[in-house]
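A.B. asks: just a sequence and a predicted model for now, questions to come.
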Amino acid sequence: MLPLIGKRLVQMLLIMVVASLVLFFIFDSDEFKKKIAVAELGGFAVSALSDADYQQWLVNKGLDVPFVQRYVNWFGGVLAGDFGHSFEKNTDVGPLLWDRLKNTGILAFWVFALMIPLSLALGVIAGMKEGGKRDRIVSFVAVFTTSIPEIATAILLTVFLALGLGWLPTKSAMMQGFDPWQLVLPVLTLVIYSFGYVARMTRASMAEVMTSQYIRTAILKGLPQNRVIMRHALRNALIAPFTVIVLQLNWLLSGVVVVEVFFEYSGFGKLLLEAALFGDIYVVQAATFVAVIVAVLSQIVSDVGYTLLNPRIRFG
Amino acid sequence: MATIAAPTSPAPSLLDRLRRPRVLLGLVALLWLPLVAYVMFGVGRMVLIPAIPATLLLYALAVISWRESAVAVIGVTLVMFWLFIAVVVPFLPLLDPNQPVQPFVTPLTEARDMFFWLGTDFRGRDMLSRTLWGCQRVLVWGVTATAVAYVIGTALGLVAGYLAGWWDEVISFIGNVILSFPVMVLFIVILTYFGPSGFNIIVAVTFASAPAIMRIVRGLTLDIKTRDYVFAAQTRGERPLWIMVVELLPNARGPIIVDACLRLGYTTVAITTLTFLGLGLQPPDPDWGLMIKEAAAAAMLFKFSYMLLVPALSVSSLILGFNLMADGLREMSLRD
């Protein structure tokens, strides 16, 4: 088990180094430097700028330093815990990223807190009797909700709950401090989009368990239905969904970008998109690091959890 | 002396002749190539005329072949509806989708002696016309991007699975590196670097999907290459490339087709989302993601929410169609 985790972590570091090099190389291009200049000084000012003045601007920004040297400096800084300076927001990247991650963390916490019980319950109910009426209804709802992209779900919820009924605020910018009501629509959107997949996985896993020998034995022994489900079936049926739920973290990130941009919620996804559009290299770098760490760690947790839960599988 | 007549197989019916792979591929090409020529390369609309009967024929064949699965029939109906619209929309008597008439006309009302079924948007462009035209770009770029990703992913998967050894090591490692990136980060970085356009969406989708496709095909190949007919082919002295394309690929097609339908859905979501984020197809031509983006910025009132609802429901129906098709096909393949 430990060698496996170690191998994964080494692989993660390798991926992070490769990714940061590629990103640095991309954002080192002249177009991106020009883009930052245009964003900061305005298009007219840049076109009116003489070549010498532009070079001076680059020097002021520290963008004239050659690629390799800049990368080494930055990498040393990261090792010392300094993620660099944001061009766009004019603050240090570390605190900025931490603040945004906290906001996305709140969002993700509520999404998981609602999505896990909902999808597991629906999946188990559907899988108890494959092909039954409940199964058909749950399966249909699951296909339906996962087919509606986050952006469309966000629109439907906004139009009906916020614009039509006026129950909830349309945007979640949280200008006057934290407001739980503004969190409802983003959380609902992400839950509706993601619960279907987990529910379908749970259903398939549950249906498979229900056909197994030991369940048949338990039923033939004359145990009541509830007891068979709760004591015998559930434990084994929940192994597969566990891995899927952990991997959802990675999927959630894509949805988070859309939802945060649509609802103007200032979280990690919005930060990443804004930074990429601006050419704000240090923010993009730090955000990519976080994303890769989340992705790899969730894979490791998923694998390790699977081996711990399922005694039939052992890694060498 | 009685002569024994050579056993003659009954002449294949018209339906069976139409369902041969060669004919089906021909029909798809007849539908797809004109649409690509029209949307991507701006060829005149007359090129779309042969695509209209091809679409109808394909739809009829799909319904007849899949009639045992209601889910698949509903799915293919949704998809084919939008494909049909994409092919016939240049011939329909619609207003110019980019021509402003009068802004903020609500659906089912009249303005300037014209009746607007779906109203007009905040710039006064006809919503019905924009919605119907909008399906062209999503379909053409989405399906083409998925197809390119499939060609590359399948080729890599076959090589990694069949040749194994260091081919497998290298391809699998690169695939794992790309898969460790969250898809959205990959899309955002690629599209901000190359600039937002349809062709770059193909690049981004290929990067994001090809490794996953490669994994699936590699797994299937590892399974199939131990079959007797592959050994027979190797003994006959067939070359690896020939074995991969002729022996392995056709026998792996079932799961690949199901996965392709699902992936078409993902790609449609991705393109709409990217366009909404400002990284995809560019204005002014109508596109569902673009309509959402513009309306979300301009019209956040219940009275004008149709500007958001119409494109959102359109794109959802298309994706639902792809997903139902995948579901139905999987159901049918399990039944056999």
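C.D. replies: Noted; the coordinates are in hand.

A.B. asks: pLDDT at residue B:76, what is it?
C.D. replies: Looking at residue B:76, its pLDDT stands at 93.

A.B. asks: now it. Nearest residue, chain neighbours left out?
C.D. replies: Ranked by C-beta to C-beta, 6 or more residues apart in numbering or on different chains and with sequence neighbours excluded, the top spatial neighbour of residue B:76 is residue B:62, at 4.6 Å. Heads up, the C-betas are built off the backbone N, CA and C, glycines and all.

A.B. asks: can I assume the one you found is in contact with residue B:80?
C.D. replies: Yes - the criterion here is C-beta atoms under 8 Å, and residue B:62 meets it with residue B:80 at 7.2 Å.

A.B. asks: distance of residue B:118 from residue B:265?
C.D. replies: Noted for residue B:118: a distance of 25 Å to residue B:265, by C-beta to C-beta, to the nearest Å.

A.B. asks: check residue B:135 too.
C.D. replies: Residue B:135 is 15 Å from residue B:265, by C-beta to C-beta.

A.B. asks: and for residue A:276?
C.D. replies: Residue A:276 is 25 Å from residue B:265, by C-beta to C-beta.

A.B. asks: other SSEs contacting the helix or strand hosting residue A:250?
C.D. replies: If you go by DSSP states H and E, residue A:250 is part of helix A:239-263. Here helix A:239-263 is seen to pack against helix A:93-128, helix A:150-157, helix A:180-210, helix A:268-278, helix A:281-309, helix B:183-194, helix B:253-276 when contacts are counted using 3 or more C-beta pairs under 8 Å, 6 or more residues apart in numbering or on different chains; DSSP states H and E.

A.B. asks: with residue B:200 as the reference, name the closest of these.
C.D. replies: For residue B:200, the closest of the helices and strands packed on helix A:239-263 is helix B:183-194, at 4.2 Å, according to C-beta to C-beta.

A.B. asks: ok, and what's touching the closest one?
C.D. replies: A:23, A:26, A:29, A:253-254, A:257, A:269, A:272-273, A:276-277, A:279, A:284, A:287-288, A:291, B:178, B:200-201, B:203-204, B:207-208, B:270, B:274, B:277, B:279-280 (C-beta atoms under 8 Å, 6 or more residues apart in numbering or on different chains).

A.B. asks: make it 6 Å
C.D. replies: A:26, A:254, A:257, A:276, A:288, A:291, B:200, B:204, B:208, B:279 (C-beta atoms under 6 Å, 6 or more residues apart in numbering or on different chains).

A.B. asks: can you check stretch B:206-223 too?
C.D. replies: Residues outside stretch B:206-223 that contact it (C-beta under 6 Å, 6+ apart) are B:148-150, B:152-154, B:156-158, B:160-162, B:175, B:178-179, B:183, B:186, B:248, B:252, B:259.

A.B. asks: relative to the whole chain's centre, how far out is that stretch?
C.D. replies: Remark: stretch B:206-223 is offset 18 Å from the chain centroid, using C-alpha atoms, centre = their mean, to the nearest Å.

A.B. asks: ok so, going back, residue B:118 and residue B:265: who's more crowded?
C.D. replies: A direct count of neighbours by other C-beta atoms under 10 Å in any protein chain shown for residue B:118 and residue B:265 places residue B:265 higher, at 25 against 20.

A.B. asks: contacting residues for the more buried one?
C.D. replies: By C-beta under 6 Å, 6+ apart, the residues touching residue B:265 are B:319, B:322-323.

A.B. asks: in space, what's closest to it - neighbours in sequence excluded?
C.D. replies: residue B:322 (3.8 Å).

A.B. asks: please report phi then psi for the one you found.
C.D. replies: With angles defined as degrees, to the nearest 10, residue B:322 sits at phi -60, psi -50.

A.B. asks: report how many residues lie close to it.
C.D. replies: The burial count for residue B:322: 27, using other C-beta under 10 Å.

A.B. asks: looks like it contacts residue B:262 (just checking).
C.D. replies: No - taking contacts as C-beta atoms under 6 Å, residue B:322 lies outside contact range of residue B:262: 7.1 Å.

A.B. asks: enumerate the residues of the stretch 1-150 of chain A near chain B.
C.D. replies: A:15, A:26, A:143, A:147-149 (C-beta under 6 Å from any C-beta of the partner chain).

A.B. asks: which of the residues you listed lies closest to residue A:117?
C.D. replies: residue A:143 (20.6 Å).

A.B. asks: now do the SS call for the closest one.
C.D. replies: For residue A:143, the assignment made with DSSP: H, G, I helix; E, B strand; the rest coil gives helix.

A.B. asks: again, but for residue A:223
C.D. replies: Residue A:223 ends up coil, using three-state DSSP.

A.B. asks: chain neighbours aside, what residue packs nearest to residue B:321?
C.D. replies: Closest to residue B:321 by C-beta to C-beta, 6+ apart is residue B:78, at 3.0 Å.

A.B. asks: make sure I have this right: residue A:171 is in a helix.
C.D. replies: No - using three-state DSSP, the secondary structure at residue A:171 is coil, not a helix.

A.B. asks: so what's it closest to, chain neighbours aside?
C.D. replies: Nearest non-adjacent residue to residue A:171 (C-beta to C-beta, 6+ apart): residue A:264, at 4.8 Å.
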